[in-house]
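S.K.: Give me a model of this one.
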Amino acid sequence: MASNKPAPEAPAPFATQTLGDEDRAWEEWNPTEDSVRPLRGRHRVAKQRNALARSSTVLGVGVIAAVGAGGMATAQGKPPVSISLPDSIADNLPAAASIPVVGALFSGDQDDASTTALSAAPLTTAGITYADAEQGTTDAGEALRTRILQQAEQQQDTADAEAKAVAEKAAAEKAAAEAKNKHDAAEAKVAAKKKAAAEAEKLAKLAASYAIPTSSYTITATFGQSGSLWSSGHHTGLDFAAPAGTPVKAVHSGTVKSAGWARAYGYRTVLELDDGTEIWYCHQSTMGVSAGQRVTTGETIGRVGSTGNVTAAHLHLEVHTPGGAGIDPMPWLRGKGLTI
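M.R.: Coordinates of the predicted model:
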């Protein structure tokens, strides 16, 4: 059976009561229905194109922001109603001044200046870094341009640094090469001095073991000199002109290979050195050694004379290699440290 009891009334969605008037009954208040002025025609379309269309939610937020914690709200045709908010909410509500053109949302009289202010504000802050914000940059394009310039400057600085490093490296390598060349030249000079000193020491030692074949002499003919005086057409030795009877000495220690008459050479003594080199002493007036005899450096082996094919008294000296070929006595003697 159907019940005859009336259905319970649904509770009012929102009821208000003026504080201090306990006799007045609670009434339902619908702010979107009674207090919001409708927008029609061009005005409504224009406001929507400015990207700020009103709604009950926007209005509610605007009311709360405008009145602040503990403020008063009114509705058209209704008595004022006190709005109380918990302290935790009221303390965290933003000030009305921090909300752009919030007054225009309340009054419904949003003007062109407010619209211009909204449209002039940056649409986005995408691409703006914390550092840009610290410097006051609010435009993303300007921030990007600044970063590009900074990157270009950094790249140029890097390129300059690399070029400087390359130049410094090249200069260092050049300086090192020059220093090395100077060092090498100095070492070569020192080495040359050492070599010369060693050579001089060697020659000194040789000079001590070699002797000039005679004294009080004058060089009158050299090796290879041409002329009709010699049957071969050229001179085969070195002539030391000296007074007859001047001692003839062994230039180095060795063994007498032969001693006697040798036709155009007159009296000739052949001294064989230890390395096989032969020294010929020719045109002697007398000989003081015989074949097979061992002699030492500087020992007298004969006397200067003019025997054989000669024009005056002199010592004709020849030097032959172990193979028998005749060579120039002058450089050979100098090579032994002797000064001729």
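S.K.: What is the neighbour count of Leu238?
M.R.: Applying other C-beta atoms under 10 Å, we find 23 residues neighbouring Leu238. C-betas here are computed from N, CA, C, even on glycine.
S.K.: Next, count neighbours for the closest residue to it other than its chain neighbours.
M.R.: Spatially, and ignoring its direct neighbours in sequence, Leu238 is nearest to Pro329 (4.2 Å; C-beta to C-beta, 6 or more residues apart in numbering). Residues near Pro329, counting by other C-beta under 10 Å, number 24.
S.K.: now Pro329: how far from Asp239?
M.R.: 10 Å (C-beta to C-beta, to the nearest Å).
S.K.: which residues are in contact with both of those two?
M.R.: Leu317 (C-beta atoms under 8 Å, 6 or more residues apart in numbering).
S.K.: quick one: buried residues of the strand ranked longest in the chain?
M.R.: In the chain, assigned by DSSP state E, the strand with the most residues is strand 278-287. Neighbour counts over strand 278-287 (16 or more other C-beta atoms under 10 Å) mark Glu278, Ile279, Trp280, Tyr281, Cys282, His283, Gln284, Ser285, Met287 as buried.
S.K.: Equivalent analysis for stretch 190-210, please.
M.R.: Within stretch 190-210, judged by 16+ other C-beta under 10 Å, the buried ones are Leu203, Tyr210.
S.K.: Point out where this protein drops to low pLDDT.
M.R.: 1-138, 228 (pLDDT under 70).
S.K.: could you say what helices and strands the longest helix that it contains packs with?
M.R.: Taking DSSP state H as the criterion, the chain has its longest helix at helix 140-209. Packed against helix 140-209, as judged by 3 or more C-beta pairs under 8 Å, 6 or more residues apart in numbering; DSSP states H and E, are no other helices or strands.
S.K.: Against which helices or strands is the very next helix or strand once past that helix packed?
M.R.: Once the chain leaves helix 140-209, the next helix or strand it forms, by DSSP states H and E, is strand 218-221. Helices and strands touching strand 218-221, by 3+ C-beta pairs under 8 Å, 6+ apart, are strand 238-241.
S.K.: what about the strands in the chain?
M.R.: 15-16, 27-28, 72-73, 81-82, 218-221, 238-241, 247-249, 254-261, 267-273, 278-287, 294-295, 300-304, 314-320, 326-327.
S.K.: Which among these is found nearest to Lys180?
M.R.: Among the strands of the chain, the nearest to Lys180 by C-beta to C-beta is strand 326-327 (43.4 Å).
S.K.: strand partners of that closest one, parallel vs antiparallel please.
M.R.: Its sheet considered, strand 326-327 pairs with strand 314-320 (antiparallel) by DSSP bridges.
S.K.: What residues sit buried inside the partner strand?
M.R.: The neighbour-count check on strand 314-320 (16+ other C-beta under 10 Å) flags His314, Leu315, His316, Leu317, Glu318, Val319, His320 as buried.
S.K.: got the angle for that strand vs strand 267-273?
M.R.: Between strand 314-320 and strand 267-273, the angle comes out at 40 degrees (axes from the mean of the first three to the mean of the last three C-alpha atoms, to 10 degrees).
S.K.: Now do strand 314-320 and strand 300-304, the angle between them.
M.R.: Using the same axes, to 10 degrees: strand 314-320 against strand 300-304 is 130 degrees.
S.K.: ok, back up a step: OK, contacts around the residue nearest to Leu238?
M.R.: Phe223, Gly237, Leu238, Leu317, Glu318, Val319.
S.K.: What is the nearest of those residues to Ala291?
M.R.: Using C-beta to C-beta, the contacts of Pro329 come closest to Ala291 at Glu318, 17.8 Å.
S.K.: Could you give the number of residues near Ala176?
M.R.: 10.
S.K.: OK, contacts around it?
M.R.: Contacts of Ala176 by C-beta under 8 Å, 6+ apart: none found.
S.K.: same check, this time on Leu338
M.R.: So Leu338 contacts Ala207, Tyr210, Ala211, Ile212 (C-beta under 8 Å, 6+ apart).
S.K.: next one: phi and psi at it?
M.R.: phi -90, psi 140 (degrees, to the nearest 10).
S.K.: export stretch 239-250 as PDB, just CAs?
M.R.: C-alpha atoms of stretch 239-250 as PDB (Å, rounded to 0.1, in the frame of the first residue of the first chain):
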ATOM      1  CA  ASP A 239     164.700  16.700 -51.600                       C
ATOM      2  CA  PHE A 240     166.300  18.000 -48.400                       C
ATOM      3  CA  ALA A 241     169.200  20.200 -49.500                       C
ATOM      4  CA  ALA A 242     171.800  20.200 -46.700                       C
ATOM      5  CA  PRO A 243     175.600  20.400 -46.300                       C
ATOM      6  CA  ALA A 244     177.500  17.300 -47.200                       C
ATOM      7  CA  GLY A 245     178.100  15.100 -44.200                       C
ATOM      8  CA  THR A 246     175.000  16.200 -42.300                       C
ATOM      9  CA  PRO A 247     173.600  13.200 -40.400                       C
ATOM     10  CA  VAL A 248     170.700  11.200 -41.900                       C
ATOM     11  CA  LYS A 249     168.300   9.800 -39.200                       C
ATOM     12  CA  ALA A 250     165.800   7.000 -39.100                       C
END
